[in-house]
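Colleague: After the sequence you'll find the predicted model.
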Amino acid sequence: MDIVGPINQPSEAGHRFILTLIDYATREVPQESTHFAPFELLYGRTVRGPMHILRELWTKDIEEPEVKTSYEYVLNLRERLDDTLK
């Protein structure tokens with residue numbers, strides 16, 4: 001997908017979602033000229049984007065207990081809602 005060109009989506013909500021994903025992707029990828037991600041240059045630390053957090057959750061490499069408990073809460077809530085609908 002061309003980041004600069006037009007986005008051919010029928011809905012306005014789709015545009016915002018795609019641009020948000022592009023924003024995350026461009027923020028955390030090291031640039032060829034500086035060898036740093038723009039987020040690192042701006043804030044002085046590495047960014048943990050949505051894909052990084054998902055990878056940690058899927059591979060069980062979770063360092064922060066509050067992320068794990070939030071994730072477990074959502075999974076438990078989903079299971080309870082599924083049980084309620086049965």
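Modeller: Good, I have the coordinates.
Colleague: what about Leu54, which helix or strand?
Modeller: Using DSSP states H and E, Leu54 maps to helix 50-59.
Colleague: That helix - contacts with which helices or strands?
Modeller: With contacts taken as 3 or more Cβ pairs under 8 Å, 6 or more residues apart in numbering; DSSP states H and E, helix 50-59 sits against helix 12-28, helix 65-85. From N, CA and C alone the C-beta is placed, and that goes for glycine too.
Colleague: ok, of those, where does mean pLDDT dip lowest?
Modeller: When the helices and strands packed on helix 50-59 are ranked by mean pLDDT, helix 12-28 comes last with a mean of 67.
Colleague: so after that one, what's the next helix or strand?
Modeller: Per DSSP H and E, the first helix or strand lying C-terminal to helix 12-28 is helix 38-43.
Colleague: which other helices and strands contact that following helix?
Modeller: Going by 3+ Cβ pairs under 8 Å, 6+ apart, helix 38-43 lies up against helix 12-28.
Colleague: how is the protein carved up into domains?
Modeller: Split into domains by automatic domain parsing, the chain comes to 1-47, 48-86.
Colleague: so how far is Met51 from Trp58?
Modeller: Separation of Trp58 from Met51 (Cβ to Cβ, to the nearest Å): 10 Å.
Colleague: who's more crowded, these two?
Modeller: Met51 (12 against 9; other Cβ atoms under 10 Å).
Colleague: Grab the nearest non-local neighbour of that one.
Modeller: Tyr24 (7.8 Å; Cβ to Cβ, 6 or more residues apart in numbering).
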